[in-house]
Structure formats: structure tokens, C-alpha cells
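In: Sequence plus the predicted model coming up.
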Amino acid sequence: MAILKIARMGHPVLRRRAEPVADPTAPEIRRLIEDMVETMIDAPGAGLAAPQVHVPLRLVIFRVPAERITGGAEDRPVDLQVLINPEIEALGAETTEGWEGCLSVPGLRGSVPRHARIRYRGLDQNGEPIDRIAAGFHARVVQHECDHLDGVLYPQRMKDLGQLMFESELRHYQVMDAEAEET
Ligand code: NI
């Protein structure tokens, strides 16, 4: 296990489209997942995409902390989820604004519109299919992480860059929940 270096905004690996994972159970993928989990916990973060550790593959990990859930049936805590070759489908037209941070854009937070409710599909670390409906922070973190696989960082999704701020200032002026995670 190893803590990996996190690529920051401006590195080309964060701009490109990542490649599908051919075999989710391959030893090198297993090792990558172990290292990504250790890196995410160390950061600490709520999510991490393989391109953020300089690996251009369609693989993300995330967690939904209990303190971030809103309590709906589709918004439950998730301890740790591996999602490989994901596909996202928006359910309905509703979008919702929420504060996001990103380990590749350290120190900043931005208010980002996301689909309120999604269906996502993919494979887990054993190659087993995942097919789930998500709302709340769960839906947000999945959309944020999967954007990394298409070379998109959250500021590119923002409608108002006046809502891009240093986390230290937000904390100071109590504009947002100071505990919001980077992903
Ligand atoms: Ni991110």
C-alpha cells in the first residue's frame, strides 16, 4: 500500500478522457484500488478518481459520510464504494446547487449545480455489476468523480465563478458548512 501523489489542476492527466478498465480483477487494478483508498483516507477526501493519481483509467472510489445524508431512501451513508467503467443517467430535470471541493483544486470551494437524482451503473472491484439510484450528496459525489474521467473539473460546471472561494474565507465568514469534503 502506498499514498499516491495527487495531480493538481493544470496537469494534462486531468484534462483527458480516461480509458476503460479491461479487467477489474487484474492484480495491478487491485493494487491501484488499495493505494487510492489509502490516499483518499490520508487526504482526507470523500472521493478520488484514478486520473487524480495520474492513472488515466475509468475507476473511481467514494464514500458518503453519515453527516452528509439528508435521510431520503436514495441518500444513505456508503462506507466505501469502488466504481469501475461507470455510466450515469440523470433522472428528471431537477438540479441542485451545493458546495464542492476537489483534492486536485486544493483550498478552494465552489457552488456547483448537479442533477438531483441519478441512476449509475458500473462494476465493483470483483467485476460484479452495480446498478443504483442516488440522490443528495451520494448523487453529487458520483457526478463529481465521474466528471474526472472525462477531463472535467468542478469549476467548469459552475454557473457563477463569483461562487468560487477559498475554503479558509468561507470558514471565516461561515458561508458554508466548514466540514465539506474535498473529492
Ligand atoms: Ni475532484
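Out: Everything's here; your move. Residues are numbered from 1 along each chain as shown.

In: Which positions in this structure make contact with the ion?
Out: Cys102, Thr183 (C-beta under 5 Å from the ion). Heads up, the C-betas are built off the backbone N, CA and C, glycines and all.

In: Can you give the contact residues for the lengthiest strand in the chain?
Out: Assignment by DSSP state E gives strand 78-90 as the longest strand of the chain. With C-beta atoms under 8 Å, 6 or more residues apart in numbering as the test, strand 78-90 has contacts from 20-21, 24, 29, 33, 37, 58-64, 115, 117-125, 130, 138, 142-143, 145-146, 149.

In: out of those, which are buried?
Out: In the contacts of strand 78-90, burial by neighbour count holds for 21, 24, 29, 33, 37, 58-64, 115, 117-118, 120, 122-123, 125, 138, 142-143, 145-146, 149, counting by 16 or more other C-beta atoms under 10 Å.

In: Among the residues you listed, name the ones in helices.
Out: Ile29, Ile33, Val37, His138, Val142, Gln143, Glu145, Cys146 (DSSP state H).

In: Now tabulate those in CSV and tack on distance to Arg171 and pLDDT.
Out: As requested, those are exported to CSV (distance: C-beta to C-beta, whole Å; pLDDT from 0 to 100):
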residue, distance to Arg171, pLDDT
Ile29, 37, 98
Ile33, 32, 98
Val37, 27, 98
His138, 24, 95
Val142, 26, 97
Gln143, 25, 98
Glu145, 24, 98
Cys146, 28, 98
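
In: Just name the closest of those to Lys159, please.
Out: Gln143 (15.0 Å; C-beta to C-beta).

In: now that closest one: how far from the ion?
Out: According to C-beta to the ion, to the nearest Å, Gln143 and the ion sit 11 Å apart.

In: residue in the protein nearest to the ion?
Out: Closest to the ion within the chain is Cys102: 3.2 Å, counting by C-beta to the ion.
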